[in-house]
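Engineer: Pasting the sequence and the predicted model now:
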Amino acid sequence: MSRSVSIEMPEWTVEFLETIPCEIKLIEDRMRLVLELARKNVLYKTGGPFAAAVFEAESGALISIGVNRVENSYCSCAHAEFMAISLAQQLLKDYDLGRKGRMKHQLVVNWRPCTMCFGSVLWSGIRSLVIAGHGDELEEITGFDEGPICENWREELKIRGIELIIDVLRNEAIDGFKEFAASGNTVYNSRQG
(Lines give C-alpha, C1' and ligand atoms only; values in the text may rest on other atoms or scores of the structure.)
Protein backbone atom coordinates (compact mmCIF):
# COMPACT_ATOMS: atom_id res chain seq x y z
CA MET A 1 0.00 0.00 0.00
CA SER A 2 1.34 3.44 -0.92
CA ARG A 3 2.01 5.91 1.90
CA SER A 4 2.45 9.07 -0.12
CA VAL A 5 0.93 11.07 -2.94
CA SER A 6 3.03 12.89 -5.51
CA ILE A 7 1.53 15.11 -8.19
CA GLU A 8 3.80 17.08 -10.48
CA MET A 9 3.16 20.00 -12.75
CA PRO A 10 3.70 19.24 -16.46
CA GLU A 11 7.21 19.58 -17.90
CA TRP A 12 6.23 22.45 -20.19
CA THR A 13 5.55 24.68 -17.16
CA VAL A 14 9.27 24.78 -16.29
CA GLU A 15 10.23 26.49 -19.54
CA PHE A 16 7.05 28.59 -19.54
CA LEU A 17 7.79 29.97 -16.06
CA GLU A 18 11.15 31.24 -17.29
CA THR A 19 9.29 33.64 -19.61
CA ILE A 20 7.08 35.15 -16.89
CA PRO A 21 8.03 38.23 -14.87
CA CYS A 22 8.47 37.70 -11.12
CA GLU A 23 5.85 40.36 -10.42
CA ILE A 24 2.63 40.99 -12.31
CA LYS A 25 1.04 44.23 -11.13
CA LEU A 26 -2.29 44.35 -12.98
CA ILE A 27 -5.07 41.90 -12.13
CA GLU A 28 -5.94 41.62 -15.84
CA ASP A 29 -2.36 40.56 -16.59
CA ARG A 30 -2.51 38.00 -13.78
CA MET A 31 -5.65 36.58 -15.38
CA ARG A 32 -3.97 36.58 -18.82
CA LEU A 33 -1.26 34.37 -17.33
CA VAL A 34 -3.85 31.97 -15.91
CA LEU A 35 -5.76 31.84 -19.20
CA GLU A 36 -2.54 31.07 -21.07
CA LEU A 37 -1.71 28.28 -18.61
CA ALA A 38 -5.17 26.75 -19.14
CA ARG A 39 -4.80 27.03 -22.94
CA LYS A 40 -1.39 25.34 -22.90
CA ASN A 41 -2.67 22.58 -20.62
CA VAL A 42 -5.27 21.70 -23.25
CA LEU A 43 -2.88 22.18 -26.17
CA TYR A 44 -0.24 19.86 -24.68
CA LYS A 45 -2.92 17.40 -23.49
CA THR A 46 -1.58 17.53 -19.92
CA GLY A 47 -4.95 18.20 -18.28
CA GLY A 48 -8.21 20.05 -18.45
CA PRO A 49 -8.90 23.68 -19.34
CA PHE A 50 -8.32 24.98 -15.83
CA ALA A 51 -5.50 26.99 -14.30
CA ALA A 52 -4.80 29.05 -11.20
CA ALA A 53 -2.01 31.12 -9.70
CA VAL A 54 -1.21 32.47 -6.25
CA PHE A 55 0.20 35.99 -5.98
CA GLU A 56 1.10 38.38 -3.22
CA ALA A 57 -1.95 40.59 -3.67
CA GLU A 58 -0.24 43.97 -3.25
CA SER A 59 3.10 43.47 -4.99
CA GLY A 60 1.93 41.03 -7.65
CA ALA A 61 4.79 38.66 -6.81
CA LEU A 62 4.03 35.28 -8.37
CA ILE A 63 4.19 32.57 -5.71
CA SER A 64 2.91 29.51 -7.60
CA ILE A 65 0.92 28.28 -10.56
CA GLY A 66 -1.36 25.32 -10.96
CA VAL A 67 -3.02 23.50 -13.82
CA ASN A 68 -5.48 20.66 -13.75
CA ARG A 69 -3.66 17.29 -13.41
CA VAL A 70 -6.58 14.90 -12.75
CA GLU A 71 -6.05 12.48 -15.64
CA ASN A 72 -2.25 12.40 -15.61
CA SER A 73 -2.01 11.93 -11.84
CA TYR A 74 -4.97 9.55 -11.45
CA CYS A 75 -6.18 11.86 -8.71
CA SER A 76 -9.61 13.50 -8.79
CA CYS A 77 -8.36 16.13 -6.31
CA ALA A 78 -5.60 17.41 -8.62
CA HIS A 79 -7.48 20.51 -9.71
CA ALA A 80 -5.66 23.71 -10.67
CA GLU A 81 -6.65 25.49 -7.45
CA PHE A 82 -5.38 22.60 -5.31
CA MET A 83 -2.12 22.55 -7.23
CA ALA A 84 -1.50 26.31 -6.96
CA ILE A 85 -2.51 26.51 -3.28
CA SER A 86 -0.56 23.39 -2.30
CA LEU A 87 2.58 24.53 -4.10
CA ALA A 88 2.33 27.97 -2.45
CA GLN A 89 1.89 26.39 0.98
CA GLN A 90 4.86 24.09 0.42
CA LEU A 91 7.05 26.94 -0.85
CA LEU A 92 6.11 29.21 2.05
CA LYS A 93 6.20 26.31 4.53
CA ASP A 94 2.81 27.25 5.96
CA TYR A 95 -0.63 25.70 5.55
CA ASP A 96 -2.22 29.09 6.39
CA LEU A 97 -1.63 31.58 3.59
CA GLY A 98 -3.57 34.17 5.61
CA ARG A 99 -1.62 33.86 8.84
CA LYS A 100 -1.40 37.09 10.84
CA GLY A 101 1.68 39.06 9.83
CA ARG A 102 1.89 37.37 6.42
CA MET A 103 1.44 39.22 3.13
CA LYS A 104 -2.11 39.02 1.71
CA HIS A 105 -2.29 36.27 -0.91
CA GLN A 106 -4.55 36.25 -3.94
CA LEU A 107 -5.76 33.25 -5.94
CA VAL A 108 -6.53 33.93 -9.60
CA VAL A 109 -8.64 31.26 -11.37
CA ASN A 110 -10.13 31.06 -14.85
CA TRP A 111 -13.65 30.40 -13.46
CA ARG A 112 -15.44 30.12 -10.13
CA PRO A 113 -13.96 27.17 -8.23
CA CYS A 114 -15.92 23.92 -8.23
CA THR A 115 -17.48 22.62 -5.03
CA MET A 116 -14.29 20.91 -3.87
CA CYS A 117 -11.98 23.80 -4.72
CA PHE A 118 -14.31 26.34 -3.16
CA GLY A 119 -13.71 24.56 0.14
CA SER A 120 -9.96 24.71 -0.39
CA VAL A 121 -10.16 28.47 -0.93
CA LEU A 122 -12.03 28.87 2.37
CA TRP A 123 -9.50 26.78 4.30
CA SER A 124 -6.27 27.89 2.63
CA GLY A 125 -5.96 31.36 4.11
CA ILE A 126 -6.25 33.04 0.70
CA ARG A 127 -7.46 36.63 1.26
CA SER A 128 -8.47 37.53 -2.29
CA LEU A 129 -10.12 35.46 -5.03
CA VAL A 130 -10.11 36.68 -8.63
CA ILE A 131 -12.26 34.78 -11.12
CA ALA A 132 -12.89 35.22 -14.83
CA GLY A 133 -16.54 34.38 -14.35
CA HIS A 134 -19.19 32.28 -12.69
CA GLY A 135 -22.39 30.69 -13.84
CA ASP A 136 -23.50 27.81 -16.00
CA GLU A 137 -21.45 28.62 -19.11
CA LEU A 138 -18.51 26.42 -18.08
CA GLU A 139 -20.66 23.32 -17.61
CA GLU A 140 -22.81 24.03 -20.68
CA ILE A 141 -19.80 24.53 -22.97
CA THR A 142 -17.47 21.80 -21.70
CA GLY A 143 -19.69 19.20 -20.03
CA PHE A 144 -17.72 19.26 -16.76
CA ASP A 145 -19.70 18.74 -13.55
CA GLU A 146 -18.66 21.49 -11.13
CA GLY A 147 -20.89 20.21 -8.33
CA PRO A 148 -23.42 22.13 -6.26
CA ILE A 149 -22.38 25.59 -5.13
CA CYS A 150 -24.37 27.18 -2.30
CA GLU A 151 -26.46 30.16 -3.37
CA ASN A 152 -24.72 32.46 -0.90
CA TRP A 153 -21.15 31.56 -1.95
CA ARG A 154 -20.20 35.22 -2.26
CA GLU A 155 -21.39 35.92 1.26
CA GLU A 156 -19.43 32.92 2.58
CA LEU A 157 -16.25 34.43 1.17
CA LYS A 158 -17.07 37.83 2.67
CA ILE A 159 -17.77 36.30 6.11
CA ARG A 160 -14.27 34.80 6.05
CA GLY A 161 -12.60 38.03 4.97
CA ILE A 162 -11.92 36.90 1.40
CA GLU A 163 -12.16 39.66 -1.19
CA LEU A 164 -13.93 38.62 -4.41
CA ILE A 165 -13.16 40.13 -7.82
CA ILE A 166 -15.43 38.84 -10.59
CA ASP A 167 -15.55 38.91 -14.39
CA VAL A 168 -11.90 39.59 -15.16
CA LEU A 169 -11.46 38.72 -18.86
CA ARG A 170 -14.68 36.70 -18.81
CA ASN A 171 -15.10 36.49 -22.59
CA GLU A 172 -11.52 35.29 -23.03
CA ALA A 173 -12.12 32.54 -20.47
CA ILE A 174 -15.29 31.44 -22.27
CA ASP A 175 -13.34 31.35 -25.55
CA GLY A 176 -10.85 29.01 -23.86
CA PHE A 177 -13.64 26.67 -22.78
CA LYS A 178 -14.99 26.65 -26.34
CA GLU A 179 -11.51 25.73 -27.62
CA PHE A 180 -11.42 22.85 -25.12
CA ALA A 181 -14.87 21.65 -26.23
CA ALA A 182 -13.71 21.64 -29.86
CA SER A 183 -10.45 19.82 -28.99
CA GLY A 184 -12.01 16.42 -28.35
CA ASN A 185 -10.03 16.11 -25.10
CA THR A 186 -11.55 14.01 -22.33
CA VAL A 187 -14.21 15.40 -20.00
CA TYR A 188 -13.22 13.37 -16.95
CA ASN A 189 -16.29 13.50 -14.73
CA SER A 190 -16.69 10.45 -12.50
CA ARG A 191 -19.53 7.96 -12.81
CA GLN A 192 -19.60 8.03 -16.61
CA GLY A 193 -19.83 4.36 -17.24
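Structural biologist: Yep, that arrived.
Engineer: Not counting its own residues, what contacts stretch 98-108?
Structural biologist: 27, 30-31, 33-34, 52-59, 63, 81, 84-85, 88, 92, 94, 96-97, 121, 124-131, 161, 163, 168 (Cβ atoms under 8 Å, 6 or more residues apart in numbering). The C-beta positions use only the backbone N, C-alpha and C, and glycine is treated the same way.
Engineer: which of the residues you listed count as buried?
Structural biologist: 27, 30-31, 33-34, 52-55, 57, 63, 81, 84-85, 88, 92, 97, 121, 124-131, 168 (16 or more other Cβ atoms under 10 Å).
Engineer: Inside strands: which ones of those residues?
Structural biologist: Counting by DSSP state E, the part of those found in strands is Ala52, Ala53, Val54, Phe55, Ile63, Ser128, Leu129, Val130, Ile131.
Engineer: and of these, the nearest to Ile20?
Structural biologist: Ala53 (9.4 Å; Cβ to Cβ).
Engineer: Low-confidence stretches in this protein?
Structural biologist: Residues of the chain that meet the criterion pLDDT under 70 lie in 190-193.
Engineer: Okay, helices next: where are they in it?
Structural biologist: With DSSP state H, the ranges of helices along the chain come out as 12-17, 27-43, 70-73, 80-92, 115-124, 137-142, 153-159, 170-183.
Engineer: Can you add distance to Gln106 and give those back as JSON lines?
Structural biologist: Listed next are the helices of the chain as JSON lines, based on distance: least, Cβ to Cβ, whole Å:
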{"stretch": "helix 12-17", "distance to Gln106": "18"}
{"stretch": "helix 27-43", "distance to Gln106": "8"}
{"stretch": "helix 70-73", "distance to Gln106": "24"}
{"stretch": "helix 80-92", "distance to Gln106": "11"}
{"stretch": "helix 115-124", "distance to Gln106": "11"}
{"stretch": "helix 137-142", "distance to Gln106": "21"}
{"stretch": "helix 153-159", "distance to Gln106": "13"}
{"stretch": "helix 170-183", "distance to Gln106": "17"}
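Engineer: That'll do, ta.
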